[in-house]
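Colleague: Sequence and predicted structure below; questions after.
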Amino acid sequence: MSEKLPLVLGSGSIFRRAQLTRLGLDFQTASPDFDETPQAGENAEQTALRLAEGKARSLAAQFPRALVIGADQVAWCGGRQLGKPMNVAAAQQMLASLSGKQIEFYSTVVLLNTAANRIQTHVDYTAVTMRTLTDAQIRAYLAREPDAVYCAGAAKSEGLGTALIEEIDSRDPNALIGLPLFRLIDFLRNEGVEIL
């Protein structure tokens, strides 16, 4: 590729920004303007992919010659999608309902070359088995990990949430945090961006 396009992370997530920073790339962030409401009849994987792509495409007019990264994550348990609880009371209720259960996480990354209108997409699947938790353990966790209310399923695995988890089955441990880096590295290489 002859022209080096700027890299844009289309996410306001501090977690995804920290993940991308680890790759040592120059990038900027932009908050996408896209409705994240799940649509009727969608499964978790379809929702995650639609949202990640929609977020990236919502930034195309603002960044007409760029590589825009879109990402989203949907958690699924007991036949329903789990959102971000956004407050402590909702997080307590969510974690109590997830105690001892398996949660499926669908973490999507897309790379949109806005100059060529070319998009690469990937959905990473992670199965997480939660420990059986007491109400006291849940309260202690949320008191020490207040940012967990902004995480799908309220389990911030890269922090103290590790104590909530019994087992993780994943091909890319980065995916559970929110950005499947293994596949993103492939996507970037396809666009002429080498990490090493």
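Modeller: Perfect, I can see it now.
Colleague: residue boundaries of the strands in this protein?
Modeller: 7-9, 28-29, 67-77, 80-82, 102-113, 118-130, 165-170 (DSSP state E).
Colleague: excluding its backbone neighbours, what's nearest A148?
Modeller: Leaving aside its sequence neighbours, A148 sits nearest to K156 (C-beta to C-beta, 6 or more residues apart in numbering; 4.4 Å). The C-beta positions use only the backbone N, C-alpha and C, and glycine is treated the same way.
Colleague: now the strands of the chain in a markdown table, with mean neighbour count, mean pLDDT and distance to S58?
Modeller: Putting the strands of the chain into a markdown table (neighbours: other C-beta atoms under 10 Å; pLDDT from 0 to 100; distance: least, C-beta to C-beta, whole Å) gives the following:
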| stretch | mean neighbour count | mean pLDDT | distance to S58 |
| --- | --- | --- | --- |
| strand 7-9 | 22 | 98 | 12 |
| strand 28-29 | 12 | 98 | 14 |
| strand 67-77 | 26 | 95 | 9 |
| strand 80-82 | 16 | 88 | 21 |
| strand 102-113 | 24 | 97 | 10 |
| strand 118-130 | 18 | 97 | 13 |
| strand 165-170 | 13 | 96 | 28 |
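Colleague: what's near enough to touch the residue nearest to A148?
Modeller: By C-beta atoms under 8 Å, 6 or more residues apart in numbering, the residues touching K156 are E145, D147, A148.
Colleague: Including distance to A90, could the strands of the chain go into TSV?
Modeller: As requested, these are exported to TSV (distance: least, C-beta to C-beta, whole Å):
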stretch	distance to A90
strand 7-9	27
strand 28-29	27
strand 67-77	14
strand 80-82	11
strand 102-113	16
strand 118-130	17
strand 165-170	20
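Colleague: Looking at those, spot the one closest to L184.
Modeller: strand 102-113 (5.1 Å; C-beta to C-beta).
Colleague: Adjacent strands (with direction) for the closest one?
Modeller: strand 67-77 (antiparallel), strand 118-130 (antiparallel) (DSSP bridges).
Colleague: Now the shortest one - C-alpha only, CSV.
Modeller: In CSV, the C-alpha atoms belonging to strand 67-77 read as follows (Å, rounded to 0.1, in the frame of the first residue of the first chain):
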residue,chain,number,x,y,z
LEU,A,67,-8.2,2.8,9.0
VAL,A,68,-11.0,2.8,11.5
ILE,A,69,-11.2,0.1,14.1
GLY,A,70,-14.7,-0.8,15.3
ALA,A,71,-15.3,-3.1,18.2
ASP,A,72,-18.1,-4.4,20.4
GLN,A,73,-18.8,-7.2,22.8
VAL,A,74,-22.0,-8.9,23.7
ALA,A,75,-22.4,-11.3,26.6
TRP,A,76,-25.0,-14.1,26.6
CYS,A,77,-26.3,-16.3,29.4
